[in-house]
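K.L.:
Give me coordinates for this.
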Amino acid sequence: MIEDDIHAFLTAGLIEDYKQPIFNLLPEQTVYICGTSKSICSGLRVAYMVYSDAFHHKILQSIYTNNVKTSSLDAEVITELILSGVASKIANQKQQLAQMANEIYTNYFPEKKVGEHPLSFYRWLPIQTHLNTSQIETDLKNEGIRVFHSVRFMSGRTTKYHYLRIALSSTNTLDDLQRGLEILKYYVDKH
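P.N.:
Residues are numbered from 1 along each chain as shown. Next up is the predicted model:
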């Protein structure tokens, strides 16, 4: 099993019902990966892997075969950020911004969905409309906001439920997010 825990900084120690990584339950059968692109900086592509000795040879062979190498400069920068405590400060600031963005979203769309993460960088807004996917995206783009319909993320069978994926961390300011959500709320209510 491969466990990609890129959002661990938004979960571990913050979410009340968070248990632990699956790796802790099945260490001999799991490769745990946690990157820094979400928690620290998207431009610094460094990830850490934890795995059992049973996987050691195969993982090293695959890294060698694929010629995968993290930038030495990126690794040095991330290491310094971690050792100096700046990485924790950055992650904490991102947690606070995520919380504020989610609170703004909830002001416009208060319906809670089961299993929805309270610090998510995006939300799935349920929609019921007669418009087709491209029409919705085009209409909203013409209003100055960019959203993606859930059909873009599907693999396999279609579903009767439709959603818009609303990014909460793509604007330059929280005021911009609020303006975008106002436009979106008006559009959804109108249709």
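
K.L.:
which stretch of helix or strand covers the closest residue to T171 other than its chain neighbours?
P.N.:
Spatial nearest neighbour of T171, excluding adjacent residues (C-beta to C-beta, 6 or more residues apart in numbering): L177 at 4.4 Å. The C-beta positions use only the backbone N, C-alpha and C, and glycine is treated the same way. L177 is part of helix 174-190, with elements assigned from DSSP states H and E.

K.L.:
Please apply the same query to I166.
P.N.:
Here I166 sits within strand 162-167, counting by DSSP H and E.

K.L.:
Within the sheet, what are the partner strands of that strand, with directions?
P.N.:
Sheet pairing for strand 162-167, assigned by DSSP bridges, gives strand 122-127 (antiparallel), strand 148-149 (antiparallel).

K.L.:
looking at the ones you listed, which is closest to A98?
P.N.:
strand 122-127 (10.2 Å; C-beta to C-beta).

K.L.:
relative to helix 174-190, how tilted is the next helix or strand after that closest one?
P.N.:
Later in the chain than strand 122-127, the nearest helix or strand by DSSP H and E is helix 133-142. Interaxial angle, helix 133-142 versus helix 174-190 (axes from the mean of the first three to the mean of the last three C-alpha atoms, to 10 degrees): 140 degrees.

K.L.:
now for helix 133-142, which elements pack on it?
P.N.:
Helix 133-142 is packed against strand 148-149, helix 174-190, with contacts defined by 3 or more C-beta pairs under 8 Å, 6 or more residues apart in numbering; DSSP states H and E.

K.L.:
contacting residues around the helix-or-strand element of the chain with minimal mean pLDDT?
P.N.:
Lowest mean confidence among the helices and strands of the chain (mean pLDDT, DSSP states H and E): strand 148-149, at a mean of 85. If you take C-beta atoms under 8 Å, 6 or more residues apart in numbering as the criterion, strand 148-149 is touched by T133, I136, E137, H162, Y163, L164, R165.

K.L.:
How far away from the center of its chain is it?
P.N.:
16 Å (C-alpha atoms, centre = their mean, to the nearest Å).

K.L.:
likewise stretch 34-44?
P.N.:
11 Å.

K.L.:
what do you get for stretch 55-68?
P.N.:
Using C-alpha atoms, centre = their mean, the distance from the centre of stretch 55-68 to the centre of the chain it belongs to is 27 Å.
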